[in-house]
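> Predicted model follows, preceded by the sequence.
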Amino acid sequence: MTHDRLAGGRLRAGLGFAALSASSFALSGPLARGLMDAGWSSAAAVAARVLLAAVVLMPIALVQLRGRWHLLRRNVRLITAYGLVAVAGCQLAFFNAVAHMEVGVALLVEYTAPVAVVGWLWLSRGQRPGRLTVLGGLLGLVGLLLVLDVVSGARASAVGILWALGAMVGAAVYFLLSARDEDGLPGTVLAAGGLLLGGVVLVVAGAVGIVPLAVSTGSVAFDGFTVPWWVPMLVLGVVTAGLAYAAGIAAIRRLGSRLASFVALTEVVAALLFAWLLLGEAPGGIQLVGGALILGGVVAVRMGEPRSER
């Protein structure tokens, strides 16, 4: 009974952190689109976002670390991979994708990542997916296709799709790396270290001319209103990066990379709503049906999880 209660509490906490992370991440696309339309380059927006998030999380990370610097040395490869691929690479690819296509379309491609996670766990660890997991995956993919609304001819581009595929790889790596807590590295320390490293790498890449770092202090226009540039940037850094990454790691370590990756599909639904509110990209009825199928897929994957992982 006590074990079941603990498992149930862990599940509820994990789902709560996952919902908080997904809704926070969902804001990033619409806000980044506004900044890029105002003159920011995608690399500059990502660099400013993740560095601001690192500044916000660093004091919390230092408190959690409590002088255990050996944890950083032991996990230097994990933090490096997290910062370069899961943070800088994934976000830069996604922001470039939304510069060429609608936010919902870019998320469709990026969030085929759960399929990649399931495939990797099957090939590398022998965790063969059960029938309910496969059913949940199919429901999620059909839901994503409806969210894309291919029947209505939603705008997509080859360049945008390639960038979105890069974001998909980064997202899959994010789920897999965030689940690793064998060495006792606190989640906030992993997030802060990865965000700091990712931001520094982007700034250096911009300084040597690998990626353009263009910024603008002009007002940022959304659907029906404008705000100073620092308002969306502050929200991007604190909410869609700092809060989102910290909550995401907490969720993945409670739910496991497979289930958490499917729960994160709810970000697509939230992103559609934010894109509607901020950019005027109103979702259609078929997209709302797709959102319902995504949620159904999450439930099926949860039911299909091995009892040992619940």
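Received the coordinates, thanks.
> rest of the way, CA atoms for contacts and neighbours
OK.
> Near residue 219, how many residues? Count them for me, please.
When neighbours are defined as other CA atoms under 10 Å, residue 219 has 16 of them.
> Contact partners for residue 85?
Residues counted as contacts of residue 85 (CA atoms under 8 Å, 6 or more residues apart in numbering) are 170, 173, 174.
> again, but for residue 201
Applying CA under 8 Å, 6+ apart, the residues near residue 201 are 84, 88.
> how about 10 Å then?
Residue 201 makes contact with 47, 83, 84, 88, 195, 207, according to CA atoms under 10 Å, 6 or more residues apart in numbering.
> quick one: which helix or strand includes it?
helix 187-207 (DSSP states H and E).
> Need the residues that contact the helix or strand that that helix is followed by.
Scanning forward in sequence from helix 187-207 by DSSP H and E, the next helix or strand is strand 220-221. For strand 220-221, contacts defined as CA under 10 Å, 6+ apart pick out 31, 33-39, 226-232, 278-279.
> And the helices in the stretch 201-310 of the chain?
230-237, 244-255, 257-263, 266-279, 285-304 (DSSP state H, counting those that start in this stretch).
> among the contacts of residue 85, which one has the lowest pLDDT?
Least confident by pLDDT among the contacts of residue 85: that is residue 174, with 86.
> Tell me if it really is in a helix.
Yes - secondary structure of residue 174 (DSSP: H, G, I helix; E, B strand; the rest coil): part of a helix.
> Please name the nearest non-neighbouring residue to it.
Leaving aside its sequence neighbours, residue 174 sits nearest to residue 86 (CA to CA, 6 or more residues apart in numbering; 4.6 Å).
> State the distance from residue 105 to residue 136.
Residue 105 sits 20 Å away from residue 136 when distances are taken as CA to CA, to the nearest Å.
> between those two, who's got more neighbours?
Between residue 105 and residue 136, residue 105 has the larger neighbour count (other CA under 10 Å), namely 28 against 25.
> where does that one fall, helix, sheet strand or coil?
helix.
> just checking, it touches residue 97?
Yes - contact status for residue 105 versus residue 97: in contact at 9.0 Å, counting by CA atoms under 10 Å.
> Need the overlap of contacts for those two.
Taking CA under 10 Å, 6+ apart as the criterion, residue 105 and residue 97 both touch 156, 157, 160, 161, 164.
> Out of those residues, the closest to residue 75 would be?
Among the shared contacts of residue 105 and residue 97, residue 164 lies closest to residue 75 (CA to CA), at 28.6 Å.
> so the closest one is in which element?
According to DSSP H and E, residue 164 maps onto helix 158-178.
> Buried ones in that helix, by neighbour count?
Along helix 158-178, these residues count as buried under the neighbour rule (16 or more other CA atoms under 10 Å): 160-178.
> Stretch 71-90 now?
For stretch 71-90, using 16+ other CA under 10 Å, the buried residues are 72, 78-90.
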